[in-house]
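# Predicted model follows, preceded by the sequence.
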Amino acid sequence: MTSTAEVAIDVRGLEMSYGSHRVLHGLDLTIRRGEVVALLGPNGAGKTTTIEILEGFRAPSAGQVQVLGRTPLSADEAWRARVGVVLQSWRDHPRWRVREFLAHLGEFYRPYSTPDDPRPWDTDALLERVGLAEQARTQISKLSGGQRRRLDVAVGIVGRPEVLFLDEPTAGFDPAARRDFHDLIASLADEDVTILLTTHDLDEAEKLADRVVILARGVIVADGSPDSLRMAASRTSEVRFERDGVIEVHACEDPVDYLRDVLLSAGSPISHLEVRRAGLEDAYLSLVRRSAGDCDAADAADPADAADAGALWLRTPDREVAP
């Protein structure tokens, strides 16, 4: 049982409609403090709407939403100082220089600083943390796309948030910048920051997230760790190797036992060995397809298991839900 003090985000019966079109259908979601959760789903699944409601930018049609113990839409500035947001894109204040812009924004958080939660982040330390120290005196309009995205991240965390929302945070990042960002997110999680991110990069979700929540057709169809989702997609591994110039491929549940038998058997040495287990992308595609098709009732587990972030539960959308 998770206590109220341990809960950062609590959603019950969340619904959203735009006119006659229902986008969200009674979402229930609990995220504990310090968790990194990836919210995945195809376009139109309701991810952006969900995030905007949690951020306090949009009013839900029905249901209850609590973030850090407050209703986001009516929360005061003290609450907002505890929340960070990184939008998909932001092209404001092009004439400001990077350092002075972050220093200026940081001053808005200073009145909400406490001994336990000092705010804002030291500007120079923040620039170093996001990899913009060399661009400190550069005008924002002259930053490259990747550098601008780093600045977006800096803006989102300048107030040292307790909850951080990230919407496609590494769009436009090169591989080195993406690796640095992943290190930053890991360090924030170590400091007990709760992080909810949306991404289409499933490798990124697998690397960063303690837990993956998949939305499809306005409902949560899967909730669990990346490992549990992979296991839900397939319990078999594919073993591929070459022997005597012939490529052999074998699917098995226990690749260790299979390879032991192969290695102990008579024959030429094997080469080019590869063992592949279903990845998060395989799991994601499988679960989304199953949610849209005729999924057997036996495939759905008890939703109460979702309280354990290491567990996995699946739900088939109600038949009256429009695609």
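Cool, the structure landed. No experiment lies behind these values; they were computed from the predicted model shown.
# Could you give me the buried positions within the host helix or strand of A283?
A283 is located in helix 280-292, with elements delineated by DSSP states H and E. By neighbour count with 16 or more other C-beta atoms under 10 Å, helix 280-292 contains the buried residues L280, D282, A283, Y284, S286, L287, V288, R290, S291. (Glycine included, C-beta is placed from N, CA and C.)
# Distance to G106 for those - can I get that in JSON lines?
Converted to JSON lines, these look like this (distance: C-beta to C-beta, whole Å):
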{"residue": "L280", "distance to G106": "36"}
{"residue": "D282", "distance to G106": "43"}
{"residue": "A283", "distance to G106": "40"}
{"residue": "Y284", "distance to G106": "38"}
{"residue": "S286", "distance to G106": "45"}
{"residue": "L287", "distance to G106": "41"}
{"residue": "V288", "distance to G106": "41"}
{"residue": "R290", "distance to G106": "46"}
{"residue": "S291", "distance to G106": "43"}
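# Quick check: which of those has the minimum pLDDT.
Minimum pLDDT for the buried residues of helix 280-292 is recorded at S291 (67).
# May I have stretch 64-77 as CSV, with CA atoms only?
Extracted C-alpha coordinates of stretch 64-77, given in CSV (Å, rounded to 0.1, in the frame of the first residue of the first chain):
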residue,chain,number,x,y,z
GLN,A,64,-9.8,13.7,-10.0
VAL,A,65,-6.1,14.7,-10.5
GLN,A,66,-3.6,15.4,-7.8
VAL,A,67,0.0,16.4,-8.4
LEU,A,68,2.1,16.9,-5.2
GLY,A,69,-1.2,16.8,-3.3
ARG,A,70,-2.9,19.7,-5.2
THR,A,71,-5.3,20.0,-8.1
PRO,A,72,-3.1,21.4,-10.9
LEU,A,73,-5.7,23.6,-12.6
SER,A,74,-6.4,25.5,-9.3
ALA,A,75,-2.9,25.3,-7.7
ASP,A,76,-1.1,28.4,-6.7
GLU,A,77,2.3,29.8,-7.6
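# quick one: which of the buried residues of helix 280-292 is nearest to V262?
D282 (24.2 Å; C-beta to C-beta).
# so how far is D122 from that closest one?
D282 sits 43 Å away from D122, going by C-beta to C-beta, to the nearest Å.
# Check L273 too.
Counting by C-beta to C-beta, the gap from L273 to D122 is 50 Å.
# and the closest residue to A59 other than its chain neighbours, how many residues sit next to it?
Counting by C-beta to C-beta, 6 or more residues apart in numbering, A59 lies nearest to L73, which is 5.4 Å off, once chain neighbours are set aside. Counted with other C-beta atoms under 10 Å, the neighbours of L73 add up to 13.
# Same question for V83.
22.
# can you map out the strands along the stretch 1-150 of the chain?
Taking DSSP state E, counting those that start in this stretch as the test, the strands found in the stretch 1-150 of the chain are 7-18, 21-32, 36-40, 62-67, 83-86.
# Out of those, flag the one nearest Y258.
With C-beta to C-beta, the closest approach to Y258 among these belongs to strand 36-40: 31.7 Å.
# name the helices or strands packed onto the closest one?
Applying 3 or more C-beta pairs under 8 Å, 6 or more residues apart in numbering; DSSP states H and E, we find strand 36-40 packed against helix 47-55, strand 194-198, helix 202-208, strand 211-216.
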